[in-house]
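Chemist: Pasting a predicted model and its sequence here:
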Amino acid sequence: MEGWISNKSTILLLMKICVLASGSQGNCTYIETMNHKILIDLGTNLTYTTSQLNSIGIDPKEIDTILITHTHGDHVNGLSPFIQKYNPTIYLSEKMHEELKIKLKNYYYLEDILVLDDTIIEVIKLSHDKNDINGYIIESEGKNLVYITDTGYINQKYHSKLKNKNIYIMESNHDVEMVMNCSRPHFTKMRIISDKGHLSNKDSAKYLSKFIGESTKNVILAHLSADNNTQELALTTLQDALREKRIDFDNITIAKQEKRIELIEI
């Protein structure tokens, strides 16, 4: 049976994770548990999404659940053609539904915690320039991950529940100095670095250095700006923060815009 490893009398389920695309041109992440195949956001077009799922051995018709973080185009532009063809169940907030310009048939409102058979999905409310935006903690059969992008900060009330998870998919959007020196209008710069903008490399590193624990297996830095960041800056900023806290952890992956990461199994 796919996804299972048998070792004599023990059977262990693997949670599978793959960031298919991450950035301002489109975001989509695949997560597999025993009973569910999930996408977080669908900002990539149907051709790309299909090809990337196929490349990890997944038929798009197997996707049964889509979690929406918010309704900016880079997170939902590919939603309509995908659901018209495959009809998975969409989970989003009522505010997000009001903002979407497409008709949904198979959907449920998700405001707090959702239990789907083996899978528990908990909402983490974030801060961005949309009426509503979710991060997620997903747990299944003792495995867990955190998904947080597109936020200016992470509320202190969530910090304790975000600690010591297996996988972190965390925004590391920009370098503040690069933003302030770029050619964008001043109001755009202020939006990016504000509490309703995006996490900088330093802020992302600050949070991760608090959250990473003994159970943490992988960190994926996501939603990097194409203009105001580099992979090297995002990586070294996190490494420096971990070194300062004397945290021995180096299993860090950079998610990319037009190429999926390698499939992770935990």
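Modeler: Yep, that arrived.

Chemist: any low-confidence regions in this protein?
Modeler: For the chain, the stretches with pLDDT under 70 are 1-12.

Chemist: One more pass at 90, please.
Modeler: Residues of the chain meeting the criterion pLDDT under 90: 1-14, 101, 111, 118, 131.

Chemist: in it, which helix has the most residues?
Modeler: helix 231-244 (DSSP state H).

Chemist: Run the chain-centre distance for it.
Modeler: Here the centre of helix 231-244 is set off from its chain's centre by 20 Å, with Cα atoms, centre = their mean, to the nearest Å.

Chemist: buried sites along it?
Modeler: The neighbour-count check on helix 231-244 (16 or more other Cβ atoms under 10 Å) flags 233, 234, 235, 237, 238, 241, 242 as buried. The way it works is simple: take the backbone N, C-alpha and C, and place the C-beta from them, glycine included.

Chemist: how much space is there between the closest residue in space to residue 137 that isn't next to it in sequence and residue 229?
Modeler: Nearest non-adjacent residue to residue 137, counting by Cβ to Cβ, 6 or more residues apart in numbering: residue 122, 4.4 Å away. Using Cβ to Cβ, to the nearest Å, we find residue 122 at a distance of 29 Å from residue 229.

Chemist: Looking at those two, which has the bigger crowd around it?
Modeler: residue 229 (22 against 19; other Cβ atoms under 10 Å).

Chemist: doesn't residue 174 make contact with the more buried one?
Modeler: Yes - in this structure, residue 229 is within contact of residue 174 by Cβ atoms under 8 Å, at 5.0 Å.

Chemist: Next, show the common contact partners of these two.
Modeler: residue 201 (Cβ atoms under 8 Å, 6 or more residues apart in numbering).

Chemist: can I get the buried residues of helix 231-244 in a markdown table with distance to residue 14?
Modeler: Shown next, in a markdown table, are these (distance: Cβ to Cβ, whole Å):
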| residue | distance to residue 14 |
| --- | --- |
| 233 | 32 |
| 234 | 27 |
| 235 | 26 |
| 237 | 31 |
| 238 | 26 |
| 241 | 30 |
| 242 | 26 |
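
Chemist: And the helices in this structure?
Modeler: Going by DSSP H, the chain shows helices at 46-55, 73-76, 79-86, 94-99, 159-162, 176-180, 186-193, 201-211, 231-244.

Chemist: Make a markdown table out of the ones you listed and add distance to residue 148.
Modeler: Listed next are the helices of the chain as a markdown table, based on distance: least, Cβ to Cβ, whole Å:
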| stretch | distance to residue 148 |
| --- | --- |
| helix 46-55 | 22 |
| helix 73-76 | 13 |
| helix 79-86 | 20 |
| helix 94-99 | 17 |
| helix 159-162 | 8 |
| helix 176-180 | 19 |
| helix 186-193 | 17 |
| helix 201-211 | 8 |
| helix 231-244 | 14 |
